[in-house]
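Novice: the amino acid sequence is not available; the structure is as follows:
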């Protein structure tokens, strides 16, 4: 018994020492990362940093986090951000986000508010992205010409194979104040190199949409197509679009602020022309062409597609 007690005490002391070393290393890594961002000209700060989770986890809690890149006008602000991992596994992280976030993309700020905002990250070789799974019980996003109200959100990004630069994207959610609409996305994202925690090689070069479905109680929109992304984030390629009761879809998008009115006016004229040529059908099957971000339906220019954020 005495020997067993000694073994237990030694093991406990070893485990405690290991946890202290790991926690200090994690704290130092967080501090160094923020310092590195500032050295590269980005705004990166936090109000408070704490590390806990003894004995089995290393938990990092940040308060009042701000990250902003003036070169790309992209950033993120949150009052709270938490990261959890098991002490013996440096490849799997769990993230818990605050109810309110502010995200800036290309100079436009979007406010995201929700419940149950969580994410799971698994790293591959050399800290590359293996998989990223995100979920939210509810998520409302407000921004320039944008209002989104989601519930039951599940978004998964998984590497096609270990170390690959191609990833499968799967998204499902319900949409609208009454949660009476369904969103489903199945696509493949192509990067010039696997994204990594170091931030290298994360530029998106291609987007192959197998299906993007948006289903209302009495209308439906389906998109598919292959798109290229240039180094300025502009999309080029062809998209097949099928819209059932297209007028109801367009009216809903405009009334809820999801589509700018000037874009909708051009789209309505073009779609109405196509519908009249097909006998006034409420269901449309059309092909859209994107050239350096410009959306065209045949010879008619509909407007500009949103740009993909690039590093």
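Specialist: Happy to help now that I have it. All values reported here derive from a predicted model rather than from experimental measurement. Numbers count the residues shown, from 1 in each chain.

Novice: show me what the lengthiest helix in the chain is packed against.
Specialist: Ranked by number of residues, the top helix in the chain under DSSP state H is helix 2-39. On a contact count with 3 or more CB pairs under 8 Å, 6 or more residues apart in numbering; DSSP states H and E, helix 2-39 meets strand 43-45, strand 48-52, strand 57-69. C-betas here are computed from N, CA, C, even on glycine.

Novice: so that helix versus strand 48-52, what angle?
Specialist: Calculated by axes from the mean of the first three to the mean of the last three CA atoms, to 10 degrees, helix 2-39 forms an angle of 160 degrees with strand 48-52.

Novice: can you list the buried residues in helix 2-39?
Specialist: 19, 22, 23, 26, 30, 34, 37 (16 or more other CB atoms under 10 Å).

Novice: any idea how far residue 117 is from the residue nearest to the third one when sequence neighbours are not counted?
Specialist: Put plainly, it is residue 23. Spatially, and ignoring its direct neighbours in sequence, residue 23 is nearest to residue 51 (4.6 Å; CB to CB, 6 or more residues apart in numbering). Distance, residue 51 to residue 117, using CB to CB, to the nearest Å: 22 Å.

Novice: comparing those two, which residue is more hemmed in?
Specialist: Set residue 51 next to residue 117 and count neighbours by other CB atoms under 10 Å: residue 117 wins out with 22 against 18.

Novice: got the contact list for the more buried one?
Specialist: 96, 97, 98, 99, 101, 135, 136, 139 (CB atoms under 8 Å, 6 or more residues apart in numbering).

Novice: one more time with 10 Å, if that's ok
Specialist: Contact analysis of residue 117 by CB atoms under 10 Å, 6 or more residues apart in numbering lists 78, 95-101, 134-139, 153.

Novice: inside strands: which ones of those?
Specialist: 78, 95-97, 100-101, 134-139, 153 (DSSP state E).

Novice: okay if I get the residues you listed as TSV plus pLDDT?
Specialist: Below are those laid out as TSV (pLDDT from 0 to 100):
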residue	pLDDT
78	97
95	97
96	96
97	95
100	96
101	94
134	97
135	96
136	96
137	95
138	94
139	94
153	95
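
Novice: hang on, isn't residue 268 packed against residue 243?
Specialist: No - checked against CB atoms under 10 Å, the pair residue 268 and residue 243 is beyond contact range at 11.8 Å.

Novice: which residues do those two both contact?
Specialist: residue 250.

Novice: who has more neighbours out of these two?
Specialist: Taking other CB under 10 Å, residue 268 and residue 243 do not tie; residue 243 has more neighbours (22 against 16).
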